[in-house]
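K.L.:
Sequence and predicted structure are below.
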Amino acid sequence: MRRQFLSLLALSTALVAVPAAAQDKLTIYTYESFTSEWGPGPVVKKNFEEICNCTVDFVAVADGVALLNRVKLEGKSTSADIVLGLDTNLTHEAKETGLFATHGISLDKVDVPGGWSDDTFVPFDYGYFAIIQDTEAFSTPYKSLKDLVDGYPEQKIVIQDPRTSTPGLGLLLWVKAVYGDKAIEAWENLSSRVLTVTPGWSEAYSLFTSGEAPMVLSYTTSPAYHEINEDSTRYKAMAFEEGHYLQVEVAAATTKGAENPLTKQFLEFMTGPGFQDAIPKTNWMFPAGETSGPLNPAFDRAVKPAKTLAFSPEEIAANRDAWIREWLDVMSR
Amino acid sequence: MGVYRDSRVLAGIAGLAAVGLLIGGAFAGLISEALDDWSGAASAFDSYLFRITRFTLWQALLSTLLSVCPAILVARALARHPVFWGRSFILRLFALPLAVPAIVASLGILALLGRAGIFADALAWLTGEPWQGIYGLSGILVAHVFFNLPLATRFLLHALETVPTDQWRLAAQLGMGPRTTFRLIEWPVMRAALPGVAGLIFMLCITSFTIVLTLGGGPRATTLEVAIYQALRFDFDPARAVALTALQIALTVVVVILLVRAGADMVADANMPVARRRPNMARAPETVFNALVIIAALAFVAGPFVSTIISGVQADLVRLASDPAVHRATLTSLGLAFIAAALSLLLSLSLTMARSAMEHSRNRTASPSFLERLFDTGAGFVLVVPPVVVGAGWFILLIDSGSVFSLAPVMVVTVNAVMAMPFALRAIRPAWDGAAERHDRLCASLGISGFNRLRLIDWPSIRRPAFTAFAFAMALSLGDLGVIALFGSDVVKTLPYLLFERMGSYRTADAAGIALFLGIVCLALMMLVDRTRRSA
């Protein structure tokens, strides 16, 4: 409805302003929470349209995985200029499709832990996975992933399924990064304190905030939401001495989009304040580019990982299926 | 072969063709995509698949038994007491679970029986150790019974209501006790309805997805439906999805055939009902027993609703009620559900009509033809085709047309209409068959046929069940979420979708408020339908 309305609006503007050039259009495929009324989408659209004299058209699908499938299905005939919302677990697979073009922009403003040099994907935000604790249920945080894995099994945690959820896959990789070949034993121990495995982040976090479990797998930035929007410090992220696993979210131009001059302009815009200022308090992630001012202090109080853990996209693409199968075997015993 | 020229049979064939097109198209889309690479289909069959298949069947069989057996008692109790204060409220309440998104029901159940649930302390005291919530098979079963016990009760009650009032009166005059009445009057009608009801519930449980994932406690409790969803949504392996769906359908066909064998066919009563209303015929001890049965069922079904209300009223309801996004989503939901329900009713009527026409035109002793069987149970199998399969298949077919977005609402409406058909069919069929039995010969001798017969003779006798079917279909569509995974849902932002959106952006309280709102909309709908039905 809104899309139709917008295109009608665009059409009527074009008709009224006959002498002016027809409005140019930039089509961006992204995930749903990006374009929701709480997400960064509306602000980003407004800010970019102010400088580009064009119309930004968002097309939203469920999540990053659906996004890649969608583009693969459409192939060369896709109407997307830009695909925004893949993460480093998917970039290798995405590159293999040959549907993405090099960005050709300067990455000077890009700022992600460990640096960034990819010629196709441009990061727009990042976050660290963390275990969030309900301080009303217990007060002393765990100091390490090892403590969590070997801890008191009556104290439960809700996690997500790595087959259907990004944080779920994140925890799988986190445990793999810390335990290596011993990951199976770690999961055997941890499974006794897993209250339930949910299909997505939403279900897990709902169970957590409704008091079902004192711990949940989420992001280091989750407490900032509660602090800023609810003025509550009840929920805290635990800092683990082995380090935290990193998730970087990226955007890229499609080969079709590479022909649209607006594409490059948007990718450059994406690394600057017009886009990045919106990220922290809408996507609840860290900005991966330049912001106009310091972040809300609640973000400064977020856990700063002792070490950044990450596998390369190639390692993930090569091992993901085998690791998931391994996890399934342990967890379904 | 005169039967194929009967307009009722033609209508049925058209209805069946529409359903076939929807399902067949989806498979065609997936298979065309899978042609490049069939390896996924073969690699799907491993020991893990064997484990989940076993679990899928086991939980579905248990859920069906636990839903249907108590429902026999509850339906009987409600039928024995046609008039008491709150009865119509109970029936309306029993239609609600259908419309509730699985995640809302799961959270409602957890608020009662979860680790931090209202009954956690009592359960800890009973078991003698800290209560860890009903995750696992028990949680799945409780949720499935919550959804399906009310459904089974309503269908069995409908079957009982087709017993002509004269029979009840006769039974009362002959001084039949409750046991004799059950054996001679109630059980035969219920037994005829049971295979259908049990089959329907089995299909709903075998395809259970969110409940299994949320309450199952982990990959130990996984169903085939989850594997299919994963194959399409995450691995995008159409070959594997097609193979798994085929397996799911094959298993269901086997179970349903067994169920139908176990059931008995019964010829509907051909006498005109003379007596108007039947008196409450239960005696004191039986009344107490019936009251206990009804109260227990009521408490079980109402419990999760009460906890949904408790968490719902803690939301900022005033802000939600004035939120334009909520208004838009409500209108979208109601609009889509209304069209879907109308379409569903139309399709179901055509199939019911055709089946009964074919049954009456053949020799009583001859066994039903394949087409007649299709009209009867065949359409029910649409339930075991996962919505994500239908959505993905059609998405592949439509993607080159370039109008995937404008077609998304059409997809939602058609898939919802077809998925609601098995429910609508169950609601309409007993009344239609009874009416056909009574009117066929009369109509034939008076030469009334075609649309005139439908309008003058058939419609008045199926008006009530038709409204029920409509309400069921509408409630079902209101709670739906599954079809549009690939399509992108900006165009069809419904209430359940809005609920998930709020939940996905930390706004759990808003989500609880919207869940409450969704419940109220459904309840209002049921009351409206009841009123229309009465004045109709």
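P.N.:
Looks like it came in fine. Residues are numbered from 1 along each chain as shown, chains lettered A, B, ... in the order given.
K.L.:
Near chain B, which residues of the stretch 201-333 of chain A are found?
P.N.:
Within the stretch 201-333 of chain A, the positions near chain B by CB under 8 Å from any CB of the partner chain are A:201-203, A:205-207, A:209-213, A:222, A:225-226, A:229, A:284, A:325, A:327-329, A:331-333. For glycine as for every other residue, the C-beta is placed from the backbone atoms N, C-alpha and C.
K.L.:
Which ones among these map onto helices?
P.N.:
Mapping those onto helices (DSSP state H) picks out A:201-203, A:205-207, A:209, A:222, A:225-226, A:229, A:325, A:327-329, A:331.
K.L.:
Okay, now the sheet partners of the longest strand anywhere in chain A, with direction.
P.N.:
Criterion DSSP state E: the longest strand present in chain A is strand A:122-134. Neighbouring strands of strand A:122-134 in its sheet, by DSSP bridges, are strand A:215-219 (antiparallel), strand A:235-237 (antiparallel), strand A:244-254 (antiparallel), strand A:286-287 (antiparallel).
K.L.:
which residues does the residue in the stretch 1-150 of chain B positioned nearest to chain A contact?
P.N.:
Closest residue of the stretch 1-150 of chain B to chain A, CB to the nearest CB: residue B:116 (3.9 Å). When the contact criterion is CB atoms under 8 Å, 6 or more residues apart in numbering or on different chains, the partners of residue B:116 are A:210-212.
K.L.:
what does the stretch 1-150 of chain A put close to chain B?
P.N.:
Residues of the stretch 1-150 of chain A found near chain B (CB under 8 Å from any CB) are A:1-3, A:32-33, A:35-39, A:58-62, A:65-66, A:69-70, A:72-74, A:77, A:79.
K.L.:
go with 10 Å
P.N.:
By CB under 10 Å from any CB of the partner chain, the residues of the stretch 1-150 of chain A that approach chain B are A:1-4, A:29-33, A:35-39, A:58-63, A:65-70, A:72-75, A:77-79, A:137.
K.L.:
ok, of these, which come out buried?
P.N.:
By neighbour count, with 16 or more other CB atoms under 10 Å in any protein chain shown, these hold A:29-33, A:35-36, A:38-39, A:58-63, A:65-70, A:73-74, A:78-79 as buried.
K.L.:
Which of those fall in strands?
P.N.:
Per DSSP E, these map to strands at A:29-31, A:58-61.
K.L.:
Kindly present those as CSV, with separate columns for pLDDT.
P.N.:
Putting those into CSV (pLDDT from 0 to 100) gives the following:
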residue, pLDDT
A:29, 94
A:30, 92
A:31, 88
A:58, 92
A:59, 88
A:60, 85
A:61, 81
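K.L.:
Tell me the one of those nearest residue B:136?
P.N.:
residue A:31 (31.8 Å; CB to CB).
K.L.:
contacting residues around the nearest residue to residue B:384 once chain neighbours are set aside?
P.N.:
Nearest in space to residue B:384, with sequence neighbours left out and distances taken as CB to CB, 6 or more residues apart in numbering or on different chains, is residue B:252 at 4.7 Å. Shown in contact with residue B:252 (CB atoms under 10 Å, 6 or more residues apart in numbering or on different chains): B:57, B:60, B:199, B:202-203, B:206-207, B:224, B:380-381, B:383-384.
K.L.:
Can you turn the buried part of those into a PyMOL selection?
P.N.:
To isolate the buried ones among these in PyMOL, judged by 16+ other CB under 10 Å, type:
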select buried, chain B and resi 57+60+199+202+203+206+207+224+380+381+383+384
